[in-house]
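1. Sequence and predicted structure below; questions after.
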Amino acid sequence: MSKSTSASASGHALWTKMPKANAELFALTYGALVTELVRDYENIPDIHQQLEKIGHSMGVRCVDEFLAKAELAGVSLPPCGKLKDTAEMVAKMGFKMFLGVTADVAHVTDSGFSLLLQENPLSLFCELPEQYAQLKYSNLYCGVVRGALEQVNLKVECTFVKDTLHGDETNEIKVELKEVLQDGAGDDYKEE
Amino acid sequence: RDTTMAATATSPLLFVIVGKNEPLFEAELTKPTGTSADSVTRQNYFVLHSALDLAEKAAWTTNSMYLKQVDKVNSQHVSTFLTAGNIKFMLLHGGRTEDSIRNFFNDVYELYVKVSMNPFYKYDTPILSKVFDQKVRVSARKYLS
């Protein structure tokens, strides 16, 4: 059994153990959040930044939940030797566990990879109006991936490069590795 | 050939979605005959709007959403469909079968619900989505011509 199929199987196993929410309620709640942000902030880059920030605080909590649930479910998580393994784990297990959709991994290099999402549960009924045609509606994902990988000492930058709401056939998130952080206890604990 | 031209000329199809205060969507669904004068179009709108009161009255007589034909002026009929939120779909036609109109209204109702689920669409505001417009016309071609 190849690594990616066992990751998919583990992802599916974790997904079955998660409490489920109504997909429409989820999409509509996110839609309400985005429209509120649109009303609060004047320009589109600010909205993207806010969505990313919200995603970041979600992501730092997601990775702990992922690791804890995996241990409870008896899913073995071999440490990721290369960035490719990290990418597979995020795409096949992380996305599957929290959203119920698997992402595909593409363009893997030593310093980055791309996540391809065929279906996006957040943008279920959404159609972007003309004045917000450039809005990256699902920018939340970028924050989530950044926050999650930050907790495992990988500093990354995520950008949405392709979006089905903008007319592309698939959604693509580009993840670029900036640096591998050292295990630290944070600034508060620095020795004098 | 003369008879077919006469048929299209006497059966204009006008579809309007009316909200609480204003029309939210308008579509002229007839094939252009080339002879439709401006006054004919304005008359069509007038007939539709005058049928609004009759539609309100008819709403109390039945508990289904489809109100069938609420008005008839010369050869033009007005059929109405009332959504749960009191939005009126009005169709001005020259005599289509009840069933085909009901199918058309149900189709448009589904499209309307999808539009209203869009987080960027504010309820009871004009529908500007081009996708919606296209799909309404496709549905009209399918059921009404």
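-> All right, it came through fine. Numbers count the residues shown, from 1 in each chain, chains lettered A, B, ... in the order given.
2. In contact with the residue nearest to A:Leu99 when sequence neighbours are not counted, which residues?
-> Nearest residue to A:Leu99 in three dimensions, chain neighbours excluded: A:Pro121, at 5.4 Å (Cβ to Cβ, 6 or more residues apart in numbering or on different chains). All C-beta atoms are positioned from the backbone trio N, CA, C, and that covers glycine. The contact partners of A:Pro121, by Cβ atoms under 8 Å, 6 or more residues apart in numbering or on different chains, come to A:23, A:26-27, A:99-101.
3. which outside residues touch stretch A:160-175?
-> Outside stretch A:160-175, the residues within contact range by Cβ under 8 Å, 6+ apart are A:87, A:106-107, A:112-118, A:120, A:123, A:126-128, A:133-134, A:136-139, A:141-142, A:145, A:149, A:156-159.
4. Work out the gap between it and the centre of the chain.
-> Centroid separation for stretch A:160-175 versus its chain: 13 Å, with Cα atoms, centre = their mean, to the nearest Å.
5. now for it, what's the gap between its first and last residues?
-> Using Cα to Cα, to the nearest Å, one end of stretch A:160-175 lies 9 Å from the other.
6. ok, the closest residue to chain B within chain A to A:Thr164 distance?
-> Chain A approaches chain B most closely through A:Gly31 (2.6 Å), counting by Cβ to the nearest Cβ. Applying Cβ to Cβ, to the nearest Å, the value for A:Gly31 to A:Thr164 is 15 Å.
7. Tell me the residues of chain B that contact chain A?
-> B:114-115, B:117-121, B:128-129, B:131 (Cβ under 8 Å from any Cβ of the partner chain).
8. Could you see whether chain B lies near the one helix or strand A:Met58 maps to?
-> Assigned by DSSP states H and E, A:Met58 belongs to helix A:44-72. No. Using Cβ under 8 Å from any Cβ, helix A:44-72 stays clear of chain B, with a minimum separation of 12.6 Å.
9. So for that helix, mean pLDDT?
-> Average pLDDT, helix A:44-72: 93.
10. roughly how far out does it sit from the chain middle?
-> Distance, centroid of helix A:44-72 to centroid of chain: 7 Å (Cα atoms, centre = their mean).
11. Does anything pack onto the helix or strand just after that helix? Which helices or strands?
-> Sequence order places helix A:83-88 as the next helix or strand after helix A:44-72, per DSSP H and E. Packing partners of helix A:83-88 (3 or more Cβ pairs under 8 Å, 6 or more residues apart in numbering or on different chains; DSSP states H and E): helix A:3-17, strand A:104-109, strand A:112-117.
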